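Colleague: Show me how the following folds:
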Amino acid sequence: MPICARRIRVLQMIPYLPLAGAERMVVNLAIGLDLEQHDVHVLTLNPPPSNTELYQILDAHHIPWSCLDRKFKFDARVIAKISRFIADFQPDVIHSHLSALQFAVLATIRHRPRAFVHTPHSIAPNNASWFGHIVGRMTFKRMIQTVAIAKEVQQSLVDFYKIPAPPIIHNGVDIDAYKIELAAGLQWREQAGFSPDDFLVVCVAGFRPVKNHSLLLNSFADGFAGDKKKHLLLVGDGLLRPEIEEQIANLNLQAQVHLLGWRSDVAAILSASDLFALASSWEGHSIAIMEAMAAGLPVLTTQVGGNLTLIQHERSGLLVPANDQQAFTQALFILSKNADLRRTFGQSGRQRVEADFSLETMARDYAQLYQNLLANGCADV
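Modeller: Numbering: from 1, shown residues only. This is a model prediction of the structure:
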């Protein structure tokens, strides 16, 4: 059957699906593509993590997925399994993410797809291991179409890999899922033991060094330690949890900082909060920030990577230099004192997400990219 007369088979490949930004983007894209035109399958290199929420979302939208059993970082057995999977599924497009790139490249030596797309999800050189960089330098100029998720990421790819500027397709979120729900927010506050006049700062991020929870905690302590009406909600988890718990104790913030773990009710938590804060050392194009904007929250974050694309300084939030605790503390204090400013920033952010960063826009742009790459391959298969 001619490829132009049937659904385009798309294989999305990623290491695994924890509740993190790049992984949520993959799921958003999988469910956002028009299934009347696309046959989408999600393949992960690792078994599911303890939290399987993203796999459940795929199930709810009838998106098939498969998991391999990678045992260690570079498990050569996985390459053969990917190769067999590709031979069976016969994708028209392979779309790799993060470190799935090198496995996908090696697995497609015998079964080359009609189109190969890779989304790095962060600025270079932070977007891959040394081996991933080697694979990128070998393939990005020829066999693989890279996609930048923000102009800052685009420029870093050009500079690091010496390639022509790749197209920019911004990450997108399901705006309706994060619509402003004041009643839901108040209900969450009541159930969680917070009063309507408590000031809640929320951060949704894995406990990893790049997210710089240490600076966020120090800034929160500088501005609000001992103030029983001020609270910091940390949604997420990770290897740094013991260090974060120790820092909270050392700062005597046990009554004010709440470790919520990974949650399925993030939309309600955002609706319940007054401010979103993220102190990352670098970012690609943060899904968490976009979800906060969609929920109508003002955003305080750092002047790194795709944050500069997302946040219009002093319009939808405040941007401060990375690793500048004093500036972060000052901005946190300013926003805590000005409800009108927070409301204005939140409304502006919601409008910006609706205009530029919706799931529908992202899926449409990737679908168009797939079609363009396959345009010369409309032949019998």
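
Colleague: for the residue lying closest to Lys141 once chain neighbours are set aside, what are its contacts?
Modeller: Distance criterion C-beta to C-beta, 6 or more residues apart in numbering; nearest residue to Lys141, sequence neighbours excluded, is Ile163 at 5.4 Å. For the C-beta atoms, the positions are set from N, CA and C on the backbone; glycine is no exception. Residues near Ile163 by C-beta atoms under 8 Å, 6 or more residues apart in numbering: Phe140, Lys141, Thr146, Leu157.

Colleague: from these, which is closest to Ala100?
Modeller: Using C-beta to C-beta, Thr146 comes nearest to Ala100 of these, at 13.7 Å.

Colleague: mind showing which ranges of the protein have poor pLDDT?
Modeller: 1-5, 377-381 (pLDDT under 70).

Colleague: longest single helix anywhere in it?
Modeller: helix 339-356 (DSSP state H).

Colleague: which strands and helices sit next to that helix?
Modeller: Under the contact criterion of 3 or more C-beta pairs under 8 Å, 6 or more residues apart in numbering; DSSP states H and E, helix 339-356 touches helix 287-294, strand 317-320, helix 325-337.

Colleague: Out of these, which one sits most buried?
Modeller: Of all these, helix 287-294 carries the top mean neighbour count, a mean of 28, counting by mean count of other C-beta atoms under 10 Å.

Colleague: Between helix 339-356 and that helix, find me the angle.
Modeller: 110 degrees (axes from the mean of the first three to the mean of the last three C-alpha atoms, to 10 degrees).

Colleague: Starting from helix 287-294, tell me the next helix or strand along the chain.
Modeller: Elements were assigned by DSSP states H and E; along the chain past helix 287-294, the next helix or strand is strand 299-302.

Colleague: in its sheet, what does that next one sit against?
Modeller: Counting by DSSP bridges, the strands paired with strand 299-302 are strand 275-277 (parallel), strand 317-320 (parallel).

Colleague: who's in contact with it?
Modeller: 212, 275-281, 283, 286, 289, 292-293, 307, 310-311, 316-323, 328, 331-332, 335, 345, 349.

Colleague: ok, 6 Å please
Modeller: The contact list for strand 299-302, computed with C-beta atoms under 6 Å, 6 or more residues apart in numbering, reads Phe276, Ala277, Leu278, Ser280, Ile289, Ala292, Asn307, Ile311, Gly317, Leu318, Ala322, Ala331.

Colleague: What residues of the next helix or strand after it count as buried?
Modeller: Next in sequence after strand 299-302, counting helices and strands by DSSP H and E, comes helix 307-310. The neighbour-count check on helix 307-310 (16 or more other C-beta atoms under 10 Å) flags Asn307, Leu308, Thr309, Leu310 as buried.

Colleague: How about the contacts made by Ala294?
Modeller: Neighbour list for Ala294: Val173, Ile175, Tyr178, Val353 [criterion: C-beta under 6 Å, 6+ apart].

Colleague: at 10 Å what do you get?
Modeller: For Ala294, the contacting residues are 173-180, 267, 270, 349-350, 352-354, 357-358, by C-beta atoms under 10 Å, 6 or more residues apart in numbering.
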